[in-house]
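J.: can't give you the sequence, but here's the structure:
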């Protein structure tokens, strides 16, 4: 009686969270059979072995994967995790696509999936660094979800990868109407190999130039608060879904490098700032002890001077926040060149 009631409850369940679980063999086949009405699936801190067989969860509408690792099956079943622990990698794009569609098909999807929302920590480097024959299919599957957020803090992205991703998704016609894909990253590096790096070059111009060489168009560069920036892009000559890169300078080992120049913060406009107004820049605000105050422009300075100011401002902010939390050693106000202004705003391209 109790077994029958448990089976009935499983068949009616629409939401399930797996935390610190291991998936191997036909685990997803059992999941499909026992939770036929499952709509929301969460995989937190799990291990998925590369030998796992995937089955389509037909009614699934929302999927979230966090801190879930892919491991290779070594040895017998009694020593699964111990023997595989040295080969940990985050969820690969291929595994994510397999969970979404129940395995990798030989052709592009012809109809939308039941999934409406996907949020996943994914390792993109494992997919882009190899030229597999099914790469277009795999990338198109994960990019064919109406609302998708992907997080990858380890891979070093470039415009070529972004182009491959968007071009693969563009092969599926019904994705063109979807909102932009959100890709949250910590590392980005790209350059024009046939021209020297110039410290005085405008960053937005450099981004647009390198993007166009990769058949992309930068449509928006915007700062979000003190530490976050967004870069929105689309394919140059093809109607397709767009993508938004989210960069957070607070992430460990953060890197944003264009033409050999590593930027601490991404400036959204040309800036200049006066010494006599320097102490008025930092103002109190709810939720954010420090925030840049907009001052009317009184001239312009080189991009190198702009970056020098922003780096100094960032360091000053961190030290002052430390002081407010009970630290010591009050920092001096940064000294900036004459008659300069700061304006933090959105740049539309």
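T.: Great, that's in hand. Keep in mind that what you see is a predicted model, and the values were worked out from it rather than measured.
J.: So in this structure, where's the weakest helix or strand by average pLDDT?
T.: Least confident helix or strand, the chain: helix 80-84 with a mean of 40, by mean pLDDT, DSSP states H and E.
J.: Can you show me the helices along the chain?
T.: Under the criterion DSSP state H, the chain carries helices at the ranges 2-12, 27-34, 80-84, 93-101, 125-128, 135-142, 159-170, 203-213, 303-324.
J.: worst average pLDDT in those helices?
T.: Note on those: lowest mean pLDDT is at helix 80-84, with a mean of 40.
J.: Settle this for me: residue 72 is touching residue 47, isn't it.
T.: No - checked against Cβ atoms under 8 Å, the pair residue 72 and residue 47 is beyond contact range at 10.8 Å. The way it works is simple: take the backbone N, C-alpha and C, and place the C-beta from them, glycine included.
J.: higher neighbour count, those two?
T.: residue 47 (20 against 13; other Cβ atoms under 10 Å).
J.: how close does that one sit to residue 34?
T.: 20 Å (Cβ to Cβ, to the nearest Å).
J.: quick one: contacts for residue 138?
T.: 93, 94, 97, 104, 127, 132, 168 (Cβ atoms under 8 Å, 6 or more residues apart in numbering).
J.: ok, the fourth one - contacts?
T.: Contacts for residue 104 (Cβ under 8 Å, 6+ apart) come out as 94, 97, 98, 134, 137, 138, 141.
J.: any chance of those residues in CSV, plus distance to residue 10?
T.: As requested, the contacts of residue 104 are exported to CSV (distance: Cβ to Cβ, whole Å):
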residue, distance to residue 10
94, 29
97, 26
98, 23
134, 33
137, 32
138, 31
141, 27
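J.: Report the buried members of those residues.
T.: Buried subset of the contacts of residue 104 (neighbour count, 16 or more other Cβ atoms under 10 Å): 94, 97, 98, 137, 138, 141.
J.: Out of the residues you listed, name the two that are farthest from one another.
T.: 98 and 137 (11.2 Å; Cβ to Cβ).
J.: Give me the below-cutoff pLDDT ranges for the chain.
T.: 1-6, 73-89, 194-201, 264-349 (pLDDT under 70).
J.: Which parts of it belong to which domain?
T.: 2-262, 275-348 (automatic domain parsing).
J.: if I look at the residue lying closest to residue 148 once chain neighbours are set aside, how far off is residue 55?
T.: Leaving aside its chain neighbours, residue 148 sits nearest to residue 118 (4.5 Å; criterion: Cβ to Cβ, 6 or more residues apart in numbering). The spacing between residue 118 and residue 55, counted by Cβ to Cβ, is 17 Å.
J.: For these two, work out which one has more neighbours and name it.
T.: residue 118 (25 against 17).
J.: For that one, give me its contacts.
T.: 62, 63, 64, 96, 100, 142, 145, 147, 148, 149, 150.
J.: if we go to 6 Å?
T.: 63, 145, 148 (Cβ atoms under 6 Å, 6 or more residues apart in numbering).
J.: so it bridges to which residues?
T.: residue 63, residue 148 (DSSP bridges).
J.: between the buried ones among the contacts of residue 104, which is closest to residue 12?
T.: After measuring the buried ones among the contacts of residue 104 against residue 12 - Cβ to Cβ - the closest member comes out as residue 98, at 26.2 Å.
J.: Surely the closest one and residue 55 touch.
T.: No - taking contacts as Cβ atoms under 6 Å, residue 98 lies outside contact range of residue 55: 9.6 Å.
J.: wait, isn't residue 257 in contact with residue 189?
T.: Yes - with contact defined as Cβ under 6 Å, residue 257 reaches residue 189; the gap is 4.3 Å.
J.: Spatially nearest residue to residue 32, not counting backbone neighbours?
T.: residue 55 (4.2 Å).
J.: let me redo that: residue 65
T.: Residue 65's closest residue in space is residue 120 (Cβ to Cβ, 6+ apart), at 4.0 Å.
J.: who's in contact with that neighbour?
T.: By Cβ under 6 Å, 6+ apart, the contact list for residue 120 reads 65, 96, 150.
J.: Run a quick neighbour tally on residue 125.
T.: Residue neighbour count, defined by other Cβ under 10 Å, stands at 19 for residue 125.
J.: And for residue 239?
T.: Neighbours of residue 239 (other Cβ under 10 Å): 9.
J.: can you check the one 5 residues further on too?
T.: When neighbours are counted by other Cβ under 10 Å, residue 244 registers 18.
J.: ok, it touching residue 179?
T.: No - using Cβ under 6 Å as the test, residue 244 is too far from residue 179 to be in contact (9.2 Å).
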